[in-house]
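S.K.: Here is a sequence with its predicted model. Questions after.
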Amino acid sequence: MSSTRESRVPAGVAPADYRRAAAYRLARWCYRHLLSWPVDPLVRAAVWLREGRRRGGTFEFAGRSYPYCVHLHNRSWRNERIVEVPIVWAEIAARPGARILEIGNVAAHYQRFRRDTVDKYEPFPGVVNEDIVEFRAVRPYDLVVSISTLEHVGFDEEVRDPAKSLRVVEAIRRLAPGGLAVITVPLGYNPDLDAHLDSGRLRFDRTGCLKRVSAANAWVEASWADVRGTPYGRPFPNANALVVGWRDGPA
């Protein structure tokens, strides 16, 4: 007759295997909820020192050098935020006192700045939970920024709308008719958006591309031909290529 303890083991699973799996789940829970905060700063410091020794902690893009973003939020050293955030933040820092709109609540997690934020789904203090296509501003913005948000529009929604990303870009023109917009888009996530970029239906005034080239999350500037068709999540986790688009002012 089985003991009470062994009676909880799923049918067909050896008790020893079940105990090992349970111990792994317990260890994972302890790390996530108890140890990640004291450990992550040490990991961040180690990554920063490694990147600093190997590459000076910078990457080159569009004629200038940017520092990699190594931050605890979303563990930026593991994904595309490591390059997206510095590019967008440089545009913000260059315009002190500008009236700024952020589409998608992303940049402010890495550094505080004065802005309005529209994010349809994320409840967060000061964030307007409204569809950006329907959003109406009190007065025009000087700068619109968006980090890895456009690929979700019309794709990760209850009703799929392959053309909605095009309407978002037009809404940005309306919201900042005489200002600048900078938008980062990971390739391979939304095939409809990729197709719009490839066909030229989604067009920016200026466009640049970046490509991830190592497991250590090194990125290099690339051409559209280099990144076209890059899959999401292969060979490295998350985005393996990015498009950065600028809208420079009136149509």
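M.R.: Yep, it's here. These numbers were taken from a predicted model, which means no experiment stands behind them. Residues are numbered from 1 along each chain as shown.
S.K.: List the buried residues for stretch 109-122?
M.R.: Across stretch 109-122, burial judged by 16 or more other C-beta atoms under 10 Å covers 109-110, 115-120. Using the backbone N, CA and C atoms, a C-beta is placed for each residue, glycine as well.
S.K.: in the stretch 101-250 of the chain, which spans are helices?
M.R.: All helices of the stretch 101-250 of the chain, identified by DSSP state H, counting those that start in this stretch, fall at 164-175, 191-199, 224-227.
S.K.: Could you export the ones you listed to a markdown table, including columns for mean neighbour count?
M.R.: A markdown table is the format used below for those (neighbours: other C-beta atoms under 10 Å):
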| stretch | mean neighbour count |
| --- | --- |
| helix 164-175 | 18 |
| helix 191-199 | 17 |
| helix 224-227 | 14 |
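S.K.: Make JSON lines out of the ones you listed and add distance to residue 91.
M.R.: Output for the helices of the stretch 101-250 of the chain, formatted as JSON lines (distance: least, C-beta to C-beta, whole Å):
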{"stretch": "helix 164-175", "distance to residue 91": "14"}
{"stretch": "helix 191-199", "distance to residue 91": "20"}
{"stretch": "helix 224-227", "distance to residue 91": "21"}
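S.K.: Out of those, which gets nearest to residue 127?
M.R.: Nearest to residue 127 among the helices of the stretch 101-250 of the chain is helix 164-175; the distance by C-beta to C-beta comes to 16.0 Å.
S.K.: where does the residue sitting nearest the centre point of the chain sit relative to residue 19, distance-wise?
M.R.: Centrality entry for the chain: nearest residue to the mean C-alpha point is residue 148, 4.1 Å, by C-alpha atoms, centre = their mean. From residue 148 across to residue 19, the span is 41 Å (C-beta to C-beta, to the nearest Å).
S.K.: Point out where the stretch 151-251 of the chain drops to low pLDDT.
M.R.: Where the stretch 151-251 of the chain drops to pLDDT under 70, the residues are 249-251.
S.K.: give the contact list for the residue lying closest to residue 231 once chain neighbours are set aside.
M.R.: Sequence neighbours aside, residue 188 is the residue nearest to residue 231 in space, at 4.6 Å (criterion: C-beta to C-beta, 6 or more residues apart in numbering). Each residue near residue 188 by C-beta atoms under 8 Å, 6 or more residues apart in numbering is listed here: 194, 230-233, 239-241.
S.K.: same deal with residue 224?
M.R.: With the criterion set at C-beta under 8 Å, 6+ apart, residue 224 makes contact with 207, 209, 243.
S.K.: can we see that at 7 Å?
M.R.: Residue 224 is in contact with residue 209, counting by C-beta atoms under 7 Å, 6 or more residues apart in numbering.
S.K.: how near is it to residue 81?
M.R.: Using C-beta to C-beta, residue 224 is found at 22 Å from residue 81.
S.K.: got it, and residue 135?
M.R.: Applying C-beta to C-beta, the value for residue 135 to residue 81 is 24 Å.
S.K.: Pick out whichever of these two has more residues nearby.
M.R.: Set residue 135 next to residue 81 and count neighbours by other C-beta atoms under 10 Å: residue 81 wins out with 27 against 16.
S.K.: re earlier: output the contacts of residue 188 in TSV, with distance to residue 140 appended to each entry.
M.R.: Formatted as TSV, those follow (distance: C-beta to C-beta, whole Å):
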residue	distance to residue 140
194	30
230	35
231	38
232	34
233	38
239	31
240	36
241	32
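S.K.: which of those count as buried?
M.R.: 194, 230, 232, 239-241.
S.K.: residue ranges of the strands in this structure, please?
M.R.: Ranges of strands in the chain, per DSSP state E, are 58-61, 64-67, 100-103, 116-118, 127-128, 143-147, 180-186, 206-212, 219-222, 241-247.
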